[in-house]
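*Asks:* Structure for the following, please:
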Amino acid sequence: MRAACEQAGFTPRVRQIVPDSATLVALVAADLGIAIVPESLRQLGVNGATFRPLRSPRMTVPLALAYPESADNPLVRRFLETAHAVAA
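*Replies:* Residues are numbered from 1 along each chain as shown. Below you'll find the predicted structure:
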C-alpha cells in the first residue's frame with residue numbers, strides 16, 4: 001500500500017496501527033486520518049466515514065488460508081476444495 005501511495009505522489013505518515021478494520025474505519029470517522037480498506041467495509045455503515053473506490057492501478061493483496069492440519073471435518077474439507085478452486 002505504501003508503494004501505491006508513493007506511485008500516486010505522496011508518502012503516508014503512519015501514526016497508529018490498529019488490530020482490526022472496524023476500528024480503523026471508526027478512527028477515520030473520528031477525523032483521525034484516512035485508510036485504504038477493502039470495499040466490503042462499506043457495509044459497516046459508519047457515520048462520518050466516506051468510501052471512495054480507488055482508480056487504477058488496481059491493487060491486490062495476497063491472502064493466505066489457515067486451517068488445522070487434521071482437518072477431518074467434511075465442511076472444512078469442502079471449504080478448502082472451494083477455496084482452491086477459486087484461487088486457481
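
*Asks:* For stretch 32-51, measure first residue to last.
*Replies:* 15 Å (C-alpha to C-alpha, to the nearest Å).

*Asks:* For the residue nearest to the spatial centre of the chain, what are phi and psi?
*Replies:* The centre of the chain sits closest to residue 38, judged by C-alpha atoms, centre = their mean, with a distance of 4.0 Å. Here is the backbone geometry of residue 38 (degrees, to the nearest 10): phi -60, psi 150.

*Asks:* what sits against it?
*Replies:* The contact partners of residue 38, by C-beta atoms under 8 Å, 6 or more residues apart in numbering, come to residue 21. C-beta here means a position set from N, CA and C on the backbone, and glycine is covered the same way.

*Asks:* And the one 3 residues further on, by the same measure?
*Replies:* The contact partners of residue 41, taken as C-beta under 8 Å, 6+ apart, are 21, 22, 25, 51.

*Asks:* The second one: what secondary structure?
*Replies:* Same thing as residue 22. helix (DSSP: H, G, I helix; E, B strand; the rest coil).

*Asks:* residues near it, how many?
*Replies:* Using other C-beta atoms under 10 Å, residue 22 is surrounded by 13 other residues.

*Asks:* ok, for it, nearest residue in space, not its chain neighbours?
*Replies:* Leaving aside its chain neighbours, residue 22 sits nearest to residue 44 (6.4 Å; criterion: C-beta to C-beta, 6 or more residues apart in numbering).

*Asks:* same question, the last one
*Replies:* Distances taken as C-beta to C-beta, 6+ apart put residue 42 closest to residue 51, at 4.7 Å, once the chain neighbours are dropped.

*Asks:* all helices for this protein, in order.
*Replies:* For the chain, the helices defined by DSSP state H occupy 2-7, 21-29, 74-87.

*Asks:* For this protein, which residues score under the pLDDT cut-off?
*Replies:* The model of the chain has pLDDT under 70 over residues 56-59.

*Asks:* what residue of it is the furthest out?
*Replies:* The outermost residue of the chain relative to its centre, with distances by C-alpha atoms, centre = their mean, is residue 72 at 29.3 Å.
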